[in-house]
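> quick one, structure for this:
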Amino acid sequence: MDRMIADTAERIFSDHVDRGVLDAAERGEFPSALWDVVREAGLNLVGHPGSGTDGGDLYGLLTVAGRHAVPLPLAEVLIANSFLDETGLTTIAVDGVAPWARVADRVVTVEGEMTVDFDVAENANLAGESRDRVQMRDAHRVDVPGQLYERMALSRAALMAGALEGVLAMAIEYATEREQFGRPIAKFQAVQHNLAVLAGEVACARCACDGAIMTLGSANFPVTVAAAKARVGEAAGVAAEIAHQVHGAMGFTHEHSLHHFTRRLWAWRDEYGRETHWQEQLGRRVADGGADSVWEFLVGAG
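Numbering: from 1, shown residues only. Modelled structure (predicted):
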């Protein structure tokens, strides 16, 4: 990912995404001020063919967004802008559900139907993020990139990889500051062990996600996305459990920010296929090739 884009996104999200913004978004308030800052910085055009950026920058930006639990439909906007010559806020629907459709200018489906005329039934996912039911009217066909569903699945993997990094940072900070029996709990072997496991899960998730991003446009892309979404989803479950254990009772309170990240991890792992869905895809590919081709499949998927 381009260093300038990463630094700009990190600065903007650090300055403009706090618990107040996250809580307001969960009440159904679109973060217009944050969206305006993102557009003014041109981050909504990362990945657009005329922007001088590419898919690696797009998914890298989503990783930064996940690290801050950014309450915008950034994945949908970026991926839609990568193949549509449109302005404004475009959201992407799957199975009739689209993030922040209530404020969107247009809706495009993963099957390639698009409209500016639609009804919305407001709803939310486990994390309180807008997931609106959409009824489209006068839709027309548009050209969408191949494997759009897989691209959207990778967007969730990238968001989760970033959120996992945020969870790890919070757990380390809390364990370093929280004292018990006269010393930080990070000095206790059991806590150190849990943090080490958490760090390992975060590293594996980021590695799997980066591996999939590197295969964008290649024949191996569906395989690496399947592996990434499955592995990151597994890490999300383990990491959320350990992070809440490290934080103890404090981590379960609404006043603490941990839940903004762990609930998103739980929600995002369900979107665009859970681990079992993608594991089945990988299993079928291996089974179809037969036992003699397993090694070739493994080394060829990288």
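> okay but residue 234 is in contact with residue 275, surely?
Yes: between residue 234 and residue 275 a contact is recorded at 5.7 Å, counting by Cβ atoms under 8 Å. C-betas here are computed from N, CA, C, even on glycine.
> output the contacting helices and strands for the helix or strand bottoming out on mean pLDDT in the chain.
Using mean pLDDT, DSSP states H and E, helix 294-300 stands out as the lowest-scoring helix or strand of the chain, at a mean of 75. If contacts are counted by 3 or more Cβ pairs under 8 Å, 6 or more residues apart in numbering; DSSP states H and E, helix 294-300 sits against helix 275-289.
> swap the cut-off to 6 Å and go again
For helix 294-300, the contact count by 3 or more Cβ pairs under 6 Å, 6 or more residues apart in numbering; DSSP states H and E identifies no helix or strand as a packing neighbour.
> quick thing: my sequence starts at 601, can you match it?
All set: I'll call the first residue 601, so the last point we hit is now helix 894-900.
> show me the strands in this protein, by range?
With DSSP state E, the ranges of strands along the chain come out as 690-693, 697-698, 706-709, 713-715, 717-721, 732-737, 740-741, 779-780, 783-784.
> contacts for the least confident helix or strand of the chain?
By Cβ atoms under 6 Å, 6 or more residues apart in numbering, the list of residues contacting helix 894-900 from outside reads 886, 889.
> redo that, cut-off 7 Å
820, 885, 886, 889 (Cβ atoms under 7 Å, 6 or more residues apart in numbering).
> tell me, how many residues neighbour the last one?
Translated: residue 889. By other Cβ atoms under 10 Å, 12 other residues sit near residue 889.
> what segments of the stretch 701-850 of the chain are helices?
Here the stretch 701-850 of the chain has its helices, by DSSP state H, counting those that start in this stretch, at 748-777, 789-814, 821-847.
> can you put these in JSON lines and add distance to residue 661 and mean pLDDT?
Conversion of the helices of the stretch 701-850 of the chain to JSON lines gives the following (distance: least, Cβ to Cβ, whole Å; pLDDT from 0 to 100):
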{"stretch": "helix 748-777", "distance to residue 661": "9", "mean pLDDT": "97"}
{"stretch": "helix 789-814", "distance to residue 661": "11", "mean pLDDT": "96"}
{"stretch": "helix 821-847", "distance to residue 661": "17", "mean pLDDT": "96"}
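> I'm done for today, thanks for sticking with me.
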